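K.L.:
Please work out how this folds:
(chains A, B and C)
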Amino acid sequence: MTTATHPTPKLYWTIALILAVVTAVEVAAAYVDALDPVIVPLLLALGAVKFAMVIAFFMHLKFDRPLFRSLFLVGVFGSLPLFIVVLLTFNAL
Amino acid sequence: MAVTAERIALPIPGETGVWSWITTVDHKRIGLLYGMTAFFFFFVGGLEAYLVRLQLAQPNGTVLSASAYNQLFTMHGLTMVFLVVMPIAAAFTNYFLPILIGARDVAFPRLNAFSYWLFLFSGIMIYTSFFVGGAPDGAWVGYSPLATQLTEVVRMDYWAIGLNLLGVASIAASANFIATIFTMRAPGMTMLRMPVFVWMALVVAFLLIFSLPPVAIGLFQLFLDRNFGALFYQAAAGADPLLWQHLFWLFGHPEVYVLVLPAMGIVSEILPVFSRKPLFGYEFVVFSGAAIGFIGFGVWSHHMFTSGMGPVAEAGFGVATMIIALPTGVKIFNWIGTTWGGRLRFSTPMLFSVGFIAMFVIGGLSGVTHAVVPADTQQHDTYYVVAHFHYVLFGGAIFGYVAGVYYWFPKWTGRMLHEGWGKVHFWLMLIGFNLTFAPMHILGLNGMPRRTYRYADGLGWDAWNLVATIGATVIGVSFLVFLWNILWARKHGAVSGNDPWDGRTLEWTITSPPPAHNFDEVPVVHSLDDFWHRKYAEDEEGRLVEMAVVSGGTLVDTDGPDQGGHHEEHQQIHMPSPSYYPALAALGLVVTGYGLVYLSWGWVAVAVGGMIALWGLFGWSLEPITREAHS
Amino acid sequence: MSTHPVAGTLPPVVHVEGEHDIVHIRKTAMWVFLGSECLFFGSMIATFLLYRNATAGGPGADVFSVPFTSASSFILLMSSLTMVLAHNAFERHDSRQGRVWLAGTALLGSTFLAGQIFEFTEFVHEGLTISGSPFGSSFFMLTGFHGAHVAIGVMMLAAMFLLSLSGRLHHDRGLNVELVGLYWHFVDIVWIVIFTVVYLLQV
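P.N.:
Numbers count the residues shown, from 1 in each chain, chains lettered A, B, ... in the order given. Have a look, this model is predicted:
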């Protein structure tokens, strides 16, 4: 079960750098009042980027069997609508 | 061209005795353990229900106090759902899943054993509550904040911790079965050649791993409210008790499909065999099962129509609930299509399967009436609901599982259950069941509320309640007949051979009972119902033509005596070695559970239990799967 | 797909004693477990979102220190890097290097935990407690469970370090670097969500 392509340590360091930069951007953006109207989608989007990078590269999902991708994505994308509906019934969103 | 020869399997030396059962990692033994434990709890849960029925047989009943009544109906529900029906499904899945896909065991045999022991110890734990001050009494759904009150009485702590432990067992088993189905199928066994029962087990495993976490969180939140002053469900502090209902029913609704889908899978196996026709529309049955599972995640708030969610939510969930009737209907029509034009044999498994379909349809119809929100507003919390779910869970699931017992008993034991007593059991159970629960539709519509320990006279409920209690008595008698049949048949039942029913699937190719390694040679599968197609081909007019020399329902080894060769192969098959670490880890978790129930001095037990569990887990991860030297 | 054999012959039963790919089986189970954990943490995050304003008149998100938590988030993020470098080292059969990175991961994880404990004590001093408000209850349950997951991860890292020292860390065993890595990364991405939703978006 060896994968066809294998990321190198160099790639991992690059990803880590990107993650650090994105985090810095997020924290800075949280303090910029001018961004308040768009802060929610902005932070969610940036968070999603970090999420996806860790999963795809560090957790190797990009290079692994499609089955694993399905299992995990069903968990993530299945749970999202459920909890959104729950919160909507409370008018909490 | 090697095939298995007919023989009665003898116990292998060193594999008898209590310790061999405690350390077993053989999926078949674990399946039997689940089944026997579930059967025992069935009688306990039935007794609880019977006491409830005695109390309600007459107005102003004096058989039970209100407190005793609350404990008994709570424990009846908890027992039947978590300690009977789920474990029975686990029993069948454990025993047959590997065999049906041509494997020798599940992916993680020790994890499999762990799930069983955690189930058993947690069930025992919950039941000890009766002896130390009282059992849980907040209904099996434990609505908060009612369940968060009376923190000095630990009943609902038993409930919260016990259910969480049971949930861990189920999640572990589900991960095990999913991994098994995806990675250990025999060569040629594509997903769409798997028996329907296996597909249903797969759907159920997914339902459990995704539905248990929300209720686990709810249970932890309840526990924190009760023991650490948390405010998850305390309205006075600004919390919303409705959160509990959402978290619970996000689990609770998929749970009912967990209870019934394996039974549907069993019926889907039995009908073709006893109609001598393939399952009608195999792909439709499979995909509708998956659809039921998927849509089942979208209807949970139909248990909350009277909680004030507002018209948008209510309409949405009402529509979703009606939609779920569609794939269910597809299955019903496919089952009818299977039997249509078949050469039907009404042996006991077939009787119970047909009974399943009829009773489940009735329950499904009352369910559809629940989907209509204004109607449900009248039905909610009345005996109409009690009627509905007993029709689908007893008339449905239980009938299906009993069918499975009659069908597969020969495979477990090598002997047939008595057919005559089986028919007596069926008719008594059918009549008793309908006498008990049909009147509850009427009682509910006439306003009789659930979960109330007595009712006044003059409300017009007396007669039907008495009928229901009489029906419950008939049910009890029918299960005594069943018990007698099982005990009798183990010693005196007719010897079954490998294939007493002229079956279609792989379990009938091996001995009854099977050897530890299941298959002498891993089968190569060429089609759905592969075994059937190895036995029969069809001539130009579509009639069945027998293919191999068949003797007493068994494929005979036509290559002549070959015992020496078979023995050699047995010795080369490495089966996982027995281990006591799974039972140990499970014990540790339950000791921890007791400690959590009895905080704050319980921290000692938490620490002790934690260490035992860690000991078990480390031993488990460090020991080899198969020890080379046999002791 | 479904073939009916010719009448009178049986298809040959071929002896296939295959070894199932055990690493693949274990990874399947781990991904199933992680899918389940998404619902576990998702329920707690949803609870937090429901109660994000239910502070019962007491302290709420105002006691958070975004700079401090950013630093500890960064530390946890970097521990994912060291984790994947550890796995990479073991794949290259460089156990010594692998142990270095394992230790680094455990160290970073422990630092994160220490930061959490420090933060929580501060919050309690400022009046944010599990029993003070639904906000407090849901905050501490969510971050508490996350911290417990990190702690279990650190224990597994330590165990692997010790096993590697004694030469008993095998690719196909239950406790192997790749599987623990998956768990560790998952705990990290849960924190990414928590940091965004609980800290950044509430402040």
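K.L.:
since we're on the closest residue to chain C within chain A, how many residues are nearby?
P.N.:
Going by Cβ to the nearest Cβ, chain C is nearest to residue A:75 of chain A, at 3.1 Å. To be clear about C-beta, it is placed using only N, CA and C from the backbone, and glycine gets the same treatment. Number of residues near residue A:75 (other Cβ atoms under 10 Å in any protein chain shown) recorded here: 25.
K.L.:
from memory it sits against residue B:213, does it?
P.N.:
No: the pair residue A:75 / residue B:213 is not scored as a contact, 9.5 Å apart, by Cβ atoms under 8 Å.
K.L.:
quick one: common contacting residues for these two?
P.N.:
With contacts taken as Cβ atoms under 8 Å, 6 or more residues apart in numbering or on different chains, residue A:75 and residue B:213 have C:36, C:37, C:39 as neighbours in common.
K.L.:
Next up, the contacts around the residue of chain C found nearest chain A.
P.N.:
In chain C, the residue found nearest to chain A is residue C:35; the distance is 3.1 Å by Cβ to the nearest Cβ. Neighbouring residues of residue C:35 by Cβ under 8 Å, 6+ apart: A:71, A:72, A:74, A:75, A:76, B:209, B:210.
K.L.:
ditto for residue B:354
P.N.:
Contacts for residue B:354 (Cβ under 8 Å, 6+ apart) come out as B:339, B:346.
K.L.:
what about it, which helix or strand?
P.N.:
Residue B:354 belongs to helix B:348-371 when assigned by DSSP states H and E.
K.L.:
Next, the buried residues of that helix.
P.N.:
For helix B:348-371, the buried set under the neighbour-count rule, 16 or more other Cβ atoms under 10 Å in any protein chain shown, comprises B:348-364, B:366-368, B:370-371.
K.L.:
Stretch A:36-50 too?
P.N.:
Going by neighbour count (16+ other Cβ under 10 Å), the buried part of stretch A:36-50 is A:39, A:42, A:43, A:46, A:47, A:50.
K.L.:
Now do the SS call for the residue in chain B that chain C sits nearest to.
P.N.:
Of all residues in chain B, the one sitting closest to chain C is residue B:229 (3.3 Å; Cβ to the nearest Cβ). Here residue B:229 is recorded as coil under DSSP: H, G, I helix; E, B strand; the rest coil.
K.L.:
Would you mind listing the residues in contact with the residue nearest in space to the middle of chain A?
P.N.:
In chain A, the centroid-proximal residue (Cα atoms, centre = their mean) is residue A:51; its distance is 2.1 Å. By Cβ under 8 Å, 6+ apart, residue A:51 lies in contact with C:189, C:192, C:193.
K.L.:
Looking at the helix or strand harbouring it now, give me its mean pLDDT.
P.N.:
For residue A:51, the element it lies in under DSSP H and E is helix A:39-53. Helix A:39-53 shows a mean pLDDT of 91.
K.L.:
How about stretch B:298-312?
P.N.:
When pLDDT is averaged over stretch B:298-312, the result is 93.
K.L.:
Is that stretch in proximity to chain C?
P.N.:
No: applying Cβ under 8 Å from any Cβ of the partner chain, one finds stretch B:298-312 separated from chain C by no less than 12.9 Å.
K.L.:
now stretch B:540-547
P.N.:
Yes: judged by Cβ under 8 Å from any Cβ, stretch B:540-547 comes into contact with chain C at B:545, B:547.
K.L.:
Can you list the buried residues in that stretch?
P.N.:
For stretch B:540-547, by 16+ other Cβ under 10 Å, it's residue B:547.
K.L.:
neighbours around residue C:154, how many?
P.N.:
Residue C:154 sits with 20 neighbouring residues when counted by other Cβ under 10 Å.
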